[in-house]
Structure formats: C-alpha cells, structure tokens
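> got a predicted structure here, sequence first:
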Amino acid sequence: MVFWLSWPFLFARMYRTTRVRVLVYHDKKILLVRNWYGSGQWQLPGGGLMRGESPEHGACREVMEEVSIPITPSQLTQLTPLRVVHEKMLRFTYQTFTYQPSGRPQAKPERYDIDAYSWVSVDEALRDYHISASARRALTQWKEQQLYGSI
C-alpha cells in the first residue's frame, strides 16, 4: 500500500537514474532476491547509486545492505557497460558486475527491503522464475560469455 501511494514520488525520483546489479555466482548457482514492494519480480542484488558514488562502490554497498555479503570493488568484474534500459515507463542506466567468491557466502536478507532470496542455476532462473528484464538481459549475456567466451 505504501509503495503504491508513494509511486508518484518514486517515479519522479527514479526516472533516469543510474542503477547497479551484482551477479553473485558460486558452484553453478546465482543469487536472486525479491523485494517486498513492487511487482514481485526476482532480480540480482543491487540498487541505485548515491550522489557521487562510483558504480563499483555502490554495487558493494547495495549487496551488503540487501543480503549482508561483504564485497570490495577489487572483487568485482564488469559484465555490462552502462546502458539505458526502459522498464515500466522508467529509464534506468544499468551497470552489472559479477562476483565469484571462493566459498558460498551466507546471505542474510535485509528484512526491510528483501522479502526472499534464492540460490538457483541460471537456466532455472531464466525458465522458472519471474525475473526482471534487467536480470534476464544480464543472465543471458553472462550465460553466453560462459559458453562462447567474451563477447
């Protein structure tokens, strides 16, 4: 209810914003999260950048805030360059990174933002999960890179 009442403010604030996402990958599984607000779509951990924040630092902060997994910028690999994605009348500029830890990190979802999380294979995410358009693009690109090398 609060989400829908605040939608006009969020639309004005979020229109044309820069967002980051992190594909956390371990043992052939990726981490998906679902927010309690919004459309109920699953997505990669991430969010908006703070004023003056670099995409790498923002990605690390967002993953820590959402699932309590500490990451440093040097542990990230860029998956996609900045690009514009239109989602439901909003225009976002996304930058997606990958993070592959040596062991499976213990995700602890932030209770005020994340409703659920799941470790799933990329194929399962693409086939069985209602994922966001940005997550679908990132997972498809990452899967192609894994199969065919750098694109």
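Everything's here; your move.
> so which elements touch the helix ranked longest in the chain?
With secondary structure taken from DSSP state H, the chain has its longest helix at helix 133-148. Using 3 or more CB pairs under 8 Å, 6 or more residues apart in numbering; DSSP states H and E, the elements in contact with helix 133-148 are strand 17-26, strand 42-43, strand 77-87, strand 90-99, helix 122-128. To be clear about C-beta, it is placed using only N, CA and C from the backbone, and glycine gets the same treatment.
> tell me the phi and psi of residue 45?
Summarising the backbone geometry of residue 45 under the convention degrees, to the nearest 10, its torsions are phi -60, psi 140.
> any stretches of the protein with poor pLDDT?
In the predicted model, the chain carries pLDDT under 70 at residues 1-16, 82-90, 149-151.
> redo the helices and strands packed on helix 133-148 as a markdown table? Include distance to residue 61.
Conversion of these to a markdown table gives the following (distance: least, CB to CB, whole Å):
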| stretch | distance to residue 61 |
| --- | --- |
| strand 17-26 | 9 |
| strand 42-43 | 16 |
| strand 77-87 | 17 |
| strand 90-99 | 12 |
| helix 122-128 | 24 |
